[in-house]
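A.B. asks: below: sequence and its predicted model.
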Amino acid sequence: MDQSSAIILGVALMIIMLGMGLSLVIDDFKRIFLQPKAILIGLFNQIILLPVIGFILVSLFPVQPEIAVGVMILTACPGGPTSNLISHLAKADTALSVTLTAFSSFITILTIPFIVNFSLEQFLDQSNMIQLDLAQTFLQIFLIIIIPIVIGMLIRKYRETFALKMAKPVRIASGLVLILVIIGIIVKEKGQLAEYFKQAGLLVICLNLIVMLVGFYSAKLFKITTKRALSIAIESGIQNGTLGITVAVVLLSNTAFAVASASYGVLMFFSGALAVYIGSKVNKE
């Protein structure tokens with residue numbers, strides 16, 4: 001993708017994060033004092049276990065370096081608005097899901113640069129070596145994620161009716177943006193697309209399902225209620241694929257690294273639908 005496409009993608013992600021901010025209130029952050037166990041387990045699954053499981057899988061699967069790096073970029077990303085929607089449809093604890101998304105979005109501005117640099121050093125040979133400038137990456141992610149979220153929260157606080165009215169259009173726009181970005185990647189990488197998707201598709205499915213199962217049963221191990229355990233599972237497995245694509249295209253200027261996130265952006269709806277089905281059966285109201 002050229003520079004103008006990268007800028008458009010960055011702006012689109014900022015709009016998506018603004019939309020997420022419109023759904024957040026200060027009480028979402030206070031919830032850590034009310035539900036510390038569930039939130040800490042959820043964050044541990046997402047921030048620590050997800051990248052570890054991702055690294056184990058890319059080490060076991062015979063994948064090209066670009067796919068391995070792309071999967072690690074995906075594991076470094078926080079949850080997104082989609083995970084909140086799926087939690088709601090699955091009759092899980094939506095408030096917990098929103099809180100986990102909010103916290104992980106703030107925490108991952110610190111962890112993304114380190115995980116991405118680690119994966120670049122681990123999977124690329126010297127001739128293809130790229131390294132992110134940590135300070136610059138922190139700043140870019142801060143501008144793309146945190147500033148829009150904070151602006152959205154301020155709008156929600158002072159213009160609540162407007163914020164609630166805009167939530168649905170922004171969600172629809174988010175989906176359209178992801179579709180357009182995936183089409184762009186398909187056009188750019190059409191020469192190696194079949195092989196990339198063949199490798200990334202199975203790997204992403206395995207990652208998604210394993211992480212969701214680990215998230216659910218680790219929560220149950222600590223006697224978390226089923227509704228909250230389901231939210232933790234969804235939040236652990238449903239990542240912000242648009243951010244993964246943005247890191248690949250905008251920060252690393254390599255659409256091949258974005259294939260894993262693009263594959264995931266399509267496949268996550270199948271595991272999401274499964275979570276909704278299971279949740280509707282378990283959490284009958």
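C.D. replies: Structure's in. What do you need? Here the structure is a predicted model, which is why all the values come from computation and not from measurement. Numbers count the residues shown, from 1 in each chain.
A.B. asks: what strand or helix carries Lys227?
C.D. replies: helix 226-237 (DSSP states H and E).
A.B. asks: just the buried residues of that helix, please?
C.D. replies: Using 16 or more other Cβ atoms under 10 Å as the test for burial, helix 226-237 gives Lys227, Arg228, Ala229, Leu230, Ser231, Ile232, Ala233, Ile234, Glu235, Ser236, Gly237. Just so you know, the C-beta spots here come from the backbone N, C-alpha and C atoms, and that holds for glycine as well.
A.B. asks: which strands and helices lie in contact with the very next helix or strand once past it?
C.D. replies: Using DSSP H and E, the helix or strand that follows helix 226-237 in sequence is helix 241-246. With contacts taken as 3 or more Cβ pairs under 8 Å, 6 or more residues apart in numbering; DSSP states H and E, helix 241-246 sits against helix 3-22, helix 65-76, helix 160-188, helix 259-282.
A.B. asks: tell me how far Gly80 lies from Gly237.
C.D. replies: 12 Å (Cβ to Cβ, to the nearest Å).
A.B. asks: all strands for the stretch 1-150 of the chain, in order.
C.D. replies: Assigned strands in the stretch 1-150 of the chain: none (criterion: DSSP state E, counting those that start in this stretch).
A.B. asks: which parts of it are helices?
C.D. replies: 3-22, 26-34, 36-43, 50-60, 65-76, 81-89, 94-123, 134-141, 147-158 (DSSP state H, counting those that start in this stretch).
A.B. asks: adding distance to Asn208 and mean pLDDT, write the ones you listed out as JSON lines.
C.D. replies: JSON lines is the format used below for those (distance: least, Cβ to Cβ, whole Å; pLDDT from 0 to 100):
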{"stretch": "helix 3-22", "distance to Asn208": "20", "mean pLDDT": "70"}
{"stretch": "helix 26-34", "distance to Asn208": "25", "mean pLDDT": "73"}
{"stretch": "helix 36-43", "distance to Asn208": "16", "mean pLDDT": "88"}
{"stretch": "helix 50-60", "distance to Asn208": "10", "mean pLDDT": "91"}
{"stretch": "helix 65-76", "distance to Asn208": "10", "mean pLDDT": "88"}
{"stretch": "helix 81-89", "distance to Asn208": "12", "mean pLDDT": "76"}
{"stretch": "helix 94-123", "distance to Asn208": "16", "mean pLDDT": "84"}
{"stretch": "helix 134-141", "distance to Asn208": "23", "mean pLDDT": "74"}
{"stretch": "helix 147-158", "distance to Asn208": "25", "mean pLDDT": "82"}
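A.B. asks: among the ones you listed, which is nearest Val276?
C.D. replies: Val276 lies closest, by Cβ to Cβ, to one member of the helices of the stretch 1-150 of the chain: helix 81-89, at 4.6 Å.
A.B. asks: show me how far that closest one is from its chain's centre.
C.D. replies: 12 Å (Cα atoms, centre = their mean, to the nearest Å).
A.B. asks: what packs against that helix?
C.D. replies: Applying 3+ Cβ pairs under 8 Å, 6+ apart, we find helix 81-89 packed against helix 3-22, helix 94-123, helix 160-188, helix 226-237, helix 259-282.
A.B. asks: deepest of those helices, which one?
C.D. replies: Comparing the helices and strands packed on helix 81-89 by mean neighbour count (mean count of other Cβ atoms under 10 Å), helix 226-237 ranks first with a mean of 28.
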